[in-house]
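1. curious how this folds, go ahead:
(one chain, ligands or ions: 1)
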Amino acid sequence: MTTRVPFAKMNGLGNAILVVDMRGRDDRVLPEAAVTLAAGAEMHFDQIMAVHDARAAGTDAFIAILNADGSEAGACGNGTRCVVQALAAETGKRAFTFQTAGGVLDAKEHEDGTISVDMGVPAFEWDRIPLSEEFHDTTQIELQVGPIDGPAHHSPSVASMGNPHCVFWVENDVWSYDLDRFGPLLEHHPIFPERANISIARVTGERALDLRTWERGAGLTKACGSAACAAAVLANRTGRTGRDVTVTVPGGSLAIEWREDGHVIMTGPAEWEFSGLLDPASGAWEREDAAGERATG
Ligand SMILES: N[C@@H](CCC[C@H](N)C(=O)O)C(=O)O
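-> The predicted model follows:
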(Lines give C-alpha, C1' and ligand atoms only; values in the text may rest on other atoms or scores of the structure.)
Protein backbone atom coordinates (compact mmCIF):
# COMPACT_ATOMS: atom_id res chain seq x y z
CA MET A 1 0.00 0.00 0.00
CA THR A 2 1.20 3.52 -0.84
CA THR A 3 1.76 6.08 1.93
CA ARG A 4 -1.15 8.48 2.07
CA VAL A 5 -0.64 12.13 1.15
CA PRO A 6 -2.42 15.28 2.34
CA PHE A 7 -5.18 16.75 0.19
CA ALA A 8 -7.42 19.80 0.37
CA LYS A 9 -10.86 19.73 -1.23
CA MET A 10 -11.38 23.23 -2.59
CA ASN A 11 -13.24 25.11 -5.28
CA GLY A 12 -12.77 28.09 -7.55
CA LEU A 13 -16.23 29.57 -8.17
CA GLY A 14 -17.71 26.09 -7.81
CA ASN A 15 -15.16 24.41 -10.11
CA ALA A 16 -14.45 21.41 -7.86
CA ILE A 17 -10.72 21.05 -7.19
CA LEU A 18 -8.65 18.53 -5.23
CA VAL A 19 -5.22 19.90 -4.31
CA VAL A 20 -2.96 16.92 -3.59
CA ASP A 21 0.44 17.40 -1.92
CA MET A 22 2.91 15.13 -3.76
CA ARG A 23 6.02 17.04 -2.65
CA GLY A 24 8.93 14.92 -1.47
CA ARG A 25 7.78 11.88 -3.46
CA ASP A 26 8.65 10.33 -6.81
CA ASP A 27 5.27 8.79 -7.58
CA ARG A 28 2.20 10.46 -9.06
CA VAL A 29 -1.56 10.41 -8.71
CA LEU A 30 -2.58 7.56 -10.98
CA PRO A 31 -5.40 8.11 -13.49
CA GLU A 32 -7.26 5.10 -11.99
CA ALA A 33 -7.11 6.75 -8.54
CA ALA A 34 -8.47 9.97 -10.03
CA VAL A 35 -11.42 8.13 -11.60
CA THR A 36 -12.17 6.37 -8.28
CA LEU A 37 -12.03 9.64 -6.35
CA ALA A 38 -14.20 11.50 -8.88
CA ALA A 39 -16.87 8.81 -8.65
CA GLY A 40 -17.61 9.57 -4.97
CA ALA A 41 -20.21 12.21 -4.08
CA GLU A 42 -18.16 13.89 -1.35
CA MET A 43 -14.81 13.85 -3.14
CA HIS A 44 -16.14 14.44 -6.65
CA PHE A 45 -13.85 16.91 -8.40
CA ASP A 46 -13.47 18.44 -11.83
CA GLN A 47 -9.65 18.62 -11.60
CA ILE A 48 -6.88 17.34 -9.37
CA MET A 49 -3.96 19.72 -8.93
CA ALA A 50 -1.09 17.42 -7.87
CA VAL A 51 1.66 19.63 -6.43
CA HIS A 52 5.13 18.10 -6.95
CA ASP A 53 8.64 19.34 -6.10
CA ALA A 54 9.93 21.97 -8.53
CA ARG A 55 11.48 20.56 -11.71
CA ALA A 56 12.85 23.83 -13.13
CA ALA A 57 15.03 26.57 -11.64
CA GLY A 58 13.06 29.62 -10.54
CA THR A 59 9.80 27.74 -9.99
CA ASP A 60 8.13 26.85 -6.69
CA ALA A 61 6.47 23.63 -7.78
CA PHE A 62 5.48 21.43 -10.70
CA ILE A 63 1.74 20.91 -10.94
CA ALA A 64 0.30 17.88 -12.70
CA ILE A 65 -3.35 18.48 -13.64
CA LEU A 66 -5.79 15.57 -13.97
CA ASN A 67 -9.38 15.75 -15.15
CA ALA A 68 -12.16 13.69 -13.55
CA ASP A 69 -11.78 11.04 -16.27
CA GLY A 70 -8.07 10.63 -15.42
CA SER A 71 -6.82 12.49 -18.52
CA GLU A 72 -4.15 15.19 -18.23
CA ALA A 73 -4.63 18.90 -18.81
CA GLY A 74 -2.06 21.62 -19.52
CA ALA A 75 -3.88 24.42 -17.73
CA CYS A 76 -6.45 24.97 -15.00
CA GLY A 77 -7.06 28.56 -13.94
CA ASN A 78 -9.45 27.89 -11.05
CA GLY A 79 -7.28 25.07 -9.75
CA THR A 80 -4.20 27.28 -9.85
CA ARG A 81 -5.91 29.82 -7.60
CA CYS A 82 -6.74 27.00 -5.17
CA VAL A 83 -3.07 25.91 -5.10
CA VAL A 84 -1.98 29.51 -4.41
CA GLN A 85 -4.43 29.81 -1.51
CA ALA A 86 -3.29 26.50 -0.01
CA LEU A 87 0.44 27.26 -0.34
CA ALA A 88 0.03 30.85 0.86
CA ALA A 89 -1.72 29.58 4.01
CA GLU A 90 1.09 27.07 4.56
CA THR A 91 4.11 29.27 3.82
CA GLY A 92 3.02 32.88 4.34
CA LYS A 93 4.32 33.61 0.83
CA ARG A 94 1.99 35.42 -1.53
CA ALA A 95 3.63 35.08 -4.94
CA PHE A 96 4.43 31.81 -6.70
CA THR A 97 5.79 30.53 -9.99
CA PHE A 98 4.48 27.16 -11.15
CA GLN A 99 5.40 24.83 -13.98
CA THR A 100 2.65 22.79 -15.64
CA ALA A 101 2.52 20.69 -18.81
CA GLY A 102 1.26 23.89 -20.50
CA GLY A 103 4.16 26.12 -19.42
CA VAL A 104 5.38 28.31 -16.55
CA LEU A 105 2.94 30.71 -14.87
CA ASP A 106 3.09 33.33 -12.12
CA ALA A 107 0.36 33.81 -9.54
CA LYS A 108 -0.20 35.96 -6.48
CA GLU A 109 -2.65 36.38 -3.65
CA HIS A 110 -3.92 39.92 -2.96
CA GLU A 111 -4.71 41.59 0.40
CA ASP A 112 -8.45 41.00 -0.13
CA GLY A 113 -7.89 37.25 -0.61
CA THR A 114 -8.52 37.23 -4.35
CA ILE A 115 -5.84 35.60 -6.48
CA SER A 116 -4.46 36.62 -9.87
CA VAL A 117 -2.90 34.09 -12.22
CA ASP A 118 -0.89 35.02 -15.29
CA MET A 119 -2.32 32.42 -17.66
CA GLY A 120 0.32 33.13 -20.29
CA VAL A 121 -0.06 34.10 -23.94
CA PRO A 122 -2.88 32.45 -25.92
CA ALA A 123 -2.14 30.68 -29.19
CA PHE A 124 -4.44 30.98 -32.21
CA GLU A 125 -2.56 28.98 -34.86
CA TRP A 126 -4.59 25.93 -35.97
CA ASP A 127 -1.76 23.46 -35.27
CA ARG A 128 -1.11 24.83 -31.77
CA ILE A 129 -4.71 24.49 -30.55
CA PRO A 130 -4.52 21.84 -32.10
CA LEU A 131 -6.98 21.28 -34.97
CA SER A 132 -6.73 18.32 -37.31
CA GLU A 133 -7.26 20.54 -40.39
CA GLU A 134 -5.50 23.67 -41.53
CA PHE A 135 -7.51 26.86 -40.82
CA HIS A 136 -5.87 30.23 -41.49
CA ASP A 137 -8.66 32.09 -39.74
CA THR A 138 -9.33 30.57 -36.33
CA THR A 139 -11.72 33.38 -35.33
CA GLN A 140 -14.45 31.34 -37.06
CA ILE A 141 -13.81 27.77 -38.06
CA GLU A 142 -16.12 25.52 -40.03
CA LEU A 143 -17.91 23.55 -37.34
CA GLN A 144 -21.60 23.41 -36.62
CA VAL A 145 -24.24 21.90 -34.38
CA GLY A 146 -27.46 20.72 -36.01
CA PRO A 147 -28.61 20.33 -39.62
CA ILE A 148 -26.28 21.52 -42.40
CA ASP A 149 -28.93 23.84 -43.85
CA GLY A 150 -29.98 25.32 -40.49
CA PRO A 151 -27.42 24.75 -37.74
CA ALA A 152 -28.28 25.75 -34.19
CA HIS A 153 -24.68 26.91 -33.64
CA HIS A 154 -21.84 27.43 -36.09
CA SER A 155 -18.51 29.14 -36.80
CA PRO A 156 -16.95 29.01 -33.31
CA SER A 157 -13.71 30.78 -32.41
CA VAL A 158 -10.85 28.63 -31.12
CA ALA A 159 -7.72 29.23 -29.03
CA SER A 160 -5.23 27.47 -26.80
CA MET A 161 -4.65 28.72 -23.26
CA GLY A 162 -2.24 25.82 -22.72
CA ASN A 163 -5.36 23.68 -23.35
CA PRO A 164 -7.76 23.66 -26.31
CA HIS A 165 -10.88 25.86 -26.29
CA CYS A 166 -13.76 26.25 -28.71
CA VAL A 167 -16.24 29.10 -28.12
CA PHE A 168 -19.64 29.46 -29.82
CA TRP A 169 -21.14 32.97 -29.76
CA VAL A 170 -24.84 33.05 -28.88
CA GLU A 171 -27.51 35.76 -28.76
CA ASN A 172 -29.80 34.46 -26.00
CA ASP A 173 -29.42 33.49 -22.34
CA VAL A 174 -26.59 30.92 -22.08
CA TRP A 175 -28.91 28.74 -19.96
CA SER A 176 -31.33 28.38 -22.87
CA TYR A 177 -28.99 26.07 -24.84
CA ASP A 178 -28.53 22.31 -24.35
CA LEU A 179 -24.76 22.36 -23.90
CA ASP A 180 -25.01 19.05 -22.01
CA ARG A 181 -26.17 17.45 -25.27
CA PHE A 182 -23.80 18.90 -27.86
CA GLY A 183 -20.82 19.56 -25.52
CA PRO A 184 -19.79 15.88 -25.30
CA LEU A 185 -20.24 15.39 -29.04
CA LEU A 186 -18.00 18.33 -29.90
CA GLU A 187 -15.44 17.52 -27.19
CA HIS A 188 -14.77 14.34 -29.19
CA HIS A 189 -15.20 15.82 -32.70
CA PRO A 190 -12.43 14.70 -35.11
CA ILE A 191 -11.47 18.34 -35.73
CA PHE A 192 -9.98 18.30 -32.20
CA PRO A 193 -7.29 15.57 -32.12
CA GLU A 194 -6.67 16.23 -28.39
CA ARG A 195 -10.38 16.82 -27.69
CA ALA A 196 -11.46 20.32 -26.54
CA ASN A 197 -13.27 22.36 -23.93
CA ILE A 198 -16.54 23.55 -25.49
CA SER A 199 -18.14 26.84 -24.39
CA ILE A 200 -21.07 29.05 -25.29
CA ALA A 201 -20.62 32.77 -24.73
CA ARG A 202 -23.01 35.69 -24.85
CA VAL A 203 -21.50 39.16 -24.96
CA THR A 204 -23.55 41.42 -22.67
CA GLY A 205 -21.52 44.63 -22.94
CA GLU A 206 -18.21 46.17 -24.04
CA ARG A 207 -16.60 44.67 -20.91
CA ALA A 208 -18.82 41.72 -20.01
CA LEU A 209 -19.84 38.29 -21.17
CA ASP A 210 -21.71 35.25 -19.85
CA LEU A 211 -20.17 31.83 -20.30
CA ARG A 212 -21.00 28.16 -19.81
CA THR A 213 -18.47 25.41 -20.45
CA TRP A 214 -18.47 21.71 -21.16
CA GLU A 215 -15.01 20.77 -19.93
CA ARG A 216 -12.87 18.18 -21.65
CA GLY A 217 -12.59 15.22 -19.32
CA ALA A 218 -14.95 16.64 -16.70
CA GLY A 219 -18.27 17.63 -18.31
CA LEU A 220 -20.45 20.59 -17.34
CA THR A 221 -18.79 22.67 -14.63
CA LYS A 222 -19.77 25.74 -12.62
CA ALA A 223 -16.64 27.54 -13.80
CA CYS A 224 -13.68 27.06 -16.09
CA GLY A 225 -10.94 29.65 -15.67
CA SER A 226 -9.02 28.87 -18.84
CA ALA A 227 -12.30 28.97 -20.83
CA ALA A 228 -13.05 32.39 -19.31
CA CYS A 229 -9.62 33.56 -20.52
CA ALA A 230 -10.13 32.03 -23.96
CA ALA A 231 -13.60 33.58 -24.31
CA ALA A 232 -12.36 37.01 -23.23
CA VAL A 233 -9.43 37.08 -25.67
CA LEU A 234 -11.56 35.67 -28.49
CA ALA A 235 -14.29 38.25 -27.80
CA ASN A 236 -11.68 40.98 -28.15
CA ARG A 237 -10.05 39.35 -31.16
CA THR A 238 -13.40 39.23 -32.97
CA GLY A 239 -14.23 42.85 -32.12
CA ARG A 240 -16.92 42.02 -29.57
CA THR A 241 -15.36 43.51 -26.39
CA GLY A 242 -12.43 45.47 -25.04
CA ARG A 243 -9.40 43.82 -23.43
CA ASP A 244 -10.71 43.95 -19.82
CA VAL A 245 -13.72 41.71 -19.41
CA THR A 246 -15.81 40.43 -16.51
CA VAL A 247 -16.75 36.87 -17.34
CA THR A 248 -19.83 35.58 -15.54
CA VAL A 249 -19.94 31.80 -15.20
CA PRO A 250 -22.55 29.70 -13.32
CA GLY A 251 -20.42 29.89 -10.14
CA GLY A 252 -19.75 33.67 -10.16
CA SER A 253 -17.49 36.17 -11.89
CA LEU A 254 -13.87 36.32 -12.99
CA ALA A 255 -11.97 39.45 -14.02
CA ILE A 256 -9.94 38.85 -17.16
CA GLU A 257 -7.37 41.29 -18.51
CA TRP A 258 -5.64 40.68 -21.84
CA ARG A 259 -2.52 42.79 -21.39
CA GLU A 260 -0.86 44.59 -24.30
CA ASP A 261 2.16 42.25 -23.92
CA GLY A 262 -0.14 39.34 -24.78
CA HIS A 263 -0.41 37.81 -21.29
CA VAL A 264 -3.86 37.03 -19.91
CA ILE A 265 -4.40 37.79 -16.22
CA MET A 266 -7.30 36.07 -14.47
CA THR A 267 -8.44 37.24 -11.01
CA GLY A 268 -10.95 35.54 -8.74
CA PRO A 269 -11.51 33.72 -5.45
CA ALA A 270 -10.69 30.26 -4.09
CA GLU A 271 -12.39 28.42 -1.25
CA TRP A 272 -11.25 25.60 1.07
CA GLU A 273 -13.87 22.96 1.95
CA PHE A 274 -12.14 20.16 3.89
CA SER A 275 -8.86 18.28 4.12
CA GLY A 276 -7.64 14.74 4.62
CA LEU A 277 -5.29 12.04 3.41
CA LEU A 278 -5.50 9.96 0.24
CA ASP A 279 -3.68 7.13 -1.47
CA PRO A 280 -2.48 8.40 -4.88
CA ALA A 281 -2.36 4.85 -6.27
CA SER A 282 -5.79 3.56 -5.26
CA GLY A 283 -7.84 6.66 -4.49
CA ALA A 284 -8.70 5.46 -0.95
CA TRP A 285 -9.09 8.49 1.32
CA GLU A 286 -10.01 9.71 4.77
CA ARG A 287 -11.26 13.08 5.82
CA GLU A 288 -9.80 15.08 8.67
CA ASP A 289 -11.48 18.31 9.61
CA ALA A 290 -10.95 20.85 12.35
CA ALA A 291 -13.35 19.00 14.65
CA GLY A 292 -11.34 15.81 14.20
CA GLU A 293 -14.23 14.07 12.42
CA ARG A 294 -13.41 11.40 9.90
CA ALA A 295 -15.21 9.94 6.92
CA THR A 296 -13.57 7.38 4.69
CA GLY A 297 -13.94 6.42 1.06
N1 LIG B 1 -11.32 23.95 -14.93
C2 LIG B 1 -10.13 24.34 -15.56
C3 LIG B 1 -9.76 23.73 -16.86
C4 LIG B 1 -9.50 22.26 -16.70
C5 LIG B 1 -8.84 21.55 -17.81
C6 LIG B 1 -9.74 21.17 -18.92
N7 LIG B 1 -10.83 20.32 -18.57
C8 LIG B 1 -8.88 20.50 -20.00
O9 LIG B 1 -8.80 19.28 -20.10
O10 LIG B 1 -8.28 21.27 -20.77
C11 LIG B 1 -9.89 25.81 -15.49
O12 LIG B 1 -10.35 26.42 -14.53
O13 LIG B 1 -9.17 26.35 -16.33
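2. need the contact list for the residue most central in space within the chain.
-> The structure's the chain has its C-alpha centroid closest to residue 76; by CA atoms, centre = their mean the separation is 3.2 Å. Each residue near residue 76 by CB atoms under 8 Å, 6 or more residues apart in numbering is listed here: 17, 47, 49, 65, 100, 163, 225-226. Placement of C-beta: from N, CA and C, glycine included.
3. in strands, which of those residues appear?
-> Using DSSP state E, the subset of those located in strands is 17, 47, 49, 65, 100.
4. near the ligand, from the residues you listed?
-> residue 47 (CB under 6 Å from any ligand atom).
5. show me which of the ones in strands among the contacts of residue 76 is closest to residue 177.
-> Nearest to residue 177 out of the ones in strands among the contacts of residue 76 is residue 47 (CB to CB; 23.9 Å).
6. quick revisit: and which of the contacts of residue 76 is nearest to residue 137?
-> Taking CB to CB as the measure, residue 163 is the one of those closest to residue 137, at 21.2 Å.
7. tell me the SS of the nearest residue to residue 44 once chain neighbours are set aside?
-> Closest residue to residue 44 apart from its sequence neighbours, by CB to CB, 6 or more residues apart in numbering: residue 38 at 5.6 Å. What DSSP: H, G, I helix; E, B strand; the rest coil gives for residue 38 is helix.
8. any idea how far residue 255 is from residue 38?
-> The gap separating residue 38 from residue 255 is 29 Å, by CB to CB, to the nearest Å.
9. again, but for residue 164
-> Counting by CB to CB, the gap from residue 164 to residue 255 is 23 Å.
10. more neighbours: which of these two?
-> residue 164 (27 against 17; other CB atoms under 10 Å).
11. beta partners of the more buried one?
-> residue 160 (DSSP bridges).
12. pretty sure residue 235 sits in a helix.
-> Yes - counting by three-state DSSP, residue 235 is part of a helix.
13. please name the nearest non-neighbouring residue to it.
-> The spatially closest residue to residue 235, leaving aside those adjacent along the chain, is residue 241, at 4.2 Å (CB to CB, 6+ apart).
14. re earlier: and the pLDDT for the residue nearest to the centre of the chain?
-> Note on residue 76: pLDDT of 96.
15. residue 166 too?
-> 98.
16. check contacts around it.
-> 143, 156-158, 186, 192, 196-199.
17. recalculate using a threshold of 10 Å.
-> Residues near residue 166 by CB atoms under 10 Å, 6 or more residues apart in numbering: 129, 131, 138, 141, 143, 156-159, 183, 186-187, 189, 191-192, 196-200, 213-214, 216, 227, 230, 234.
18. next step: the residues you listed restricted to helices.
-> 183, 186-187, 227, 230, 234 (DSSP state H).
19. pull out the buried members of the residues you listed.
-> Buried members of the ones in helices among the contacts of residue 166, counted by 16 or more other CB atoms under 10 Å: 183, 186-187, 227, 230, 234.
20. could these be laid out in TSV, adding pLDDT and distance to residue 43?
-> Below are those laid out as TSV (pLDDT from 0 to 100; distance: CB to CB, whole Å):
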residue	pLDDT	distance to residue 43
183	98	23
186	98	28
187	98	23
227	98	23
230	98	28
234	98	34
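21. residues from the stretch 151-297 of the chain in reach of the ligand?
-> Residues of the stretch 151-297 of the chain lying near the ligand (CB under 6 Å from any ligand atom): 163, 197, 215-218, 224-226.
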